[in-house]
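1. here's a sequence, model it:
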Amino acid sequence: MSRHLRVALVQTPAQSLRDFSDGLRKRMKSPNAAQLVIYPELHLCSLGVESMSEQEAVDAYAEPLDGPRDRVLRSLARELGIWLVPGTVLERAEDGSVYNTAVVYNPDGERAAQYRKVFTWRPYEPFCPGREFVVFDMPGHGRVGLSICYDSWYPEVTRHLAWMGAELVINLVQTPTTGRTQEIPLNQANAIVNQVWVASVNGASPTAHGGSLLVDPEGHFQIPAAGMEDATLVGIVDFDRVGAARTYGTSGDSWPWDHFREGDSLLELPLYNGYIDPSTWRPTTPPLTSTVPRPTAGSGVAETGAKDGGSHE
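-> A predicted model of the protein is given here:
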């Protein structure tokens, strides 16, 4: 069974929810239509477009995940029959804390996943950091992991998502600085060392510096880093390329997930006050690509993923 997925990376300036809704409908009536549509970080907050302080932005845009904004986004995904990642939103938790949270909606209009950014851009980003890695399953396609902007600078994030079975990692970005220059090779490196697809979607000018991209599991750019202009970048993700890279090796000669052998001792990791256990080094195999039993659901996984990496080969 083919596991190809048509993906649209929407590199565009931040918008109001109304403008976003109208624009999304227009994009999906054009050759840019796709099964999975991804927007940048903080896309619906209009930060950088409207003149307001951080506190004013929080007051204006932070709301519970199941608030009015959520109902609009659910309806849009269902109306258009798409998987929708509308960027990240400002989530106000029950205790009043505010998080920078990625949300995902499926074609039935259900919120399929939510992920709170772990590595907030301190000291400039005032939001609370999350504490869980999140993957979710796209039935008929594969497993997807979520990361947000500065998360790409920390290899532990993409490594854990791959270990939890992610075959595609979506990295949502709103970088308005020259730091985007470094983020491009970081995303390419994260794809290579974990043998996963990486889609990194940044905003367009004037709210961000663009450079959105799609990298395959061997590090080749399927969508090269774009310029700064408003653009919809369409590509095809072949989830089976992940298994191929891991079976035959990246460029035919590198198998990072197959390094350890039976009988290898624990590798101490003093930085983490922990270790690598060779018996659990390999990533979870998503249910679509193996007869390995589907892992038990955990709080860090939407739908059917495994918070702790599930069963390993």
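
2. so which residues of the stretch 51-200 of the chain form strands?
-> Per DSSP state E, counting those that start in this stretch, the stretch 51-200 of the chain carries strands over the ranges 83-85, 88-92, 98-105, 111-116, 135-138, 142-148, 168-172, 197-201.

3. got JSON lines for those, with mean neighbour count and mean pLDDT too?
-> Where C-beta positions appear, they are placed from N, C-alpha and C, glycine not excepted. Shown next, in JSON lines, are these (neighbours: other CB atoms under 10 Å; pLDDT from 0 to 100):
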{"stretch": "strand 83-85", "mean neighbour count": "25", "mean pLDDT": "98"}
{"stretch": "strand 88-92", "mean neighbour count": "24", "mean pLDDT": "97"}
{"stretch": "strand 98-105", "mean neighbour count": "23", "mean pLDDT": "98"}
{"stretch": "strand 111-116", "mean neighbour count": "22", "mean pLDDT": "98"}
{"stretch": "strand 135-138", "mean neighbour count": "24", "mean pLDDT": "98"}
{"stretch": "strand 142-148", "mean neighbour count": "29", "mean pLDDT": "98"}
{"stretch": "strand 168-172", "mean neighbour count": "26", "mean pLDDT": "98"}
{"stretch": "strand 197-201", "mean neighbour count": "29", "mean pLDDT": "98"}
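
4. as JSON lines, those with distance to residue 72 would be great.
-> Formatted as JSON lines, the strands of the stretch 51-200 of the chain follow (distance: least, CB to CB, whole Å):
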{"stretch": "strand 83-85", "distance to residue 72": "11"}
{"stretch": "strand 88-92", "distance to residue 72": "11"}
{"stretch": "strand 98-105", "distance to residue 72": "10"}
{"stretch": "strand 111-116", "distance to residue 72": "12"}
{"stretch": "strand 135-138", "distance to residue 72": "21"}
{"stretch": "strand 142-148", "distance to residue 72": "21"}
{"stretch": "strand 168-172", "distance to residue 72": "19"}
{"stretch": "strand 197-201", "distance to residue 72": "20"}
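
5. how long is stretch 57-74 end to end?
-> 23 Å (CA to CA, to the nearest Å).

6. can you list the buried residues in that stretch?
-> Neighbour-count burial for stretch 57-74 flags 57, 58, 61, 62, 69, 70, 72, 73, 74 (criterion: 16 or more other CB atoms under 10 Å).

7. which residues touch it?
-> The contact list for stretch 57-74, computed with CB atoms under 8 Å, 6 or more residues apart in numbering, reads 17, 21, 44-47, 52, 84, 86, 89-94, 98, 101, 103, 105, 109-111, 114, 126.

8. looking at the buried residues of stretch 57-74, which is nearest residue 194?
-> Nearest to residue 194 among those: residue 73, at 29.2 Å, using CB to CB.

9. and the gap between that closest one and residue 275?
-> Applying CB to CB, to the nearest Å, the value for residue 73 to residue 275 is 42 Å.

10. wait, residue 211 touches residue 202, no?
-> Yes. Residue 211 lies in contact with residue 202 (CB atoms under 8 Å); the separation is 5.4 Å.

11. report the set of residues contacting both of those two.
-> Listed as contacting both residue 211 and residue 202 by CB under 8 Å, 6+ apart are 175, 180, 183.

12. in three-state terms, label residue 210 for me.
-> Using DSSP: H, G, I helix; E, B strand; the rest coil, the structure places residue 210 in coil.

13. give me the neighbour count for the closest residue in space to it that isn't next to it in sequence.
-> Nearest residue to residue 210 in three dimensions, chain neighbours excluded: residue 228, at 3.8 Å (CB to CB, 6 or more residues apart in numbering). Using other CB atoms under 10 Å, the number of residues around residue 228 comes to 16.

14. which ones among the shared contacts of residue 211 and residue 202 map onto helices?
-> Secondary structure defined by DSSP state H assigns 180, 183 of the shared contacts of residue 211 and residue 202 to helices.

15. which among the shared contacts of residue 211 and residue 202 gets closest to residue 270?
-> Of all the shared contacts of residue 211 and residue 202, residue 183 has the smallest distance to residue 270: 28.5 Å, by CB to CB.

16. how far away is the closest one from residue 150?
-> Taking CB to CB, one finds residue 183 at 9 Å from residue 150.
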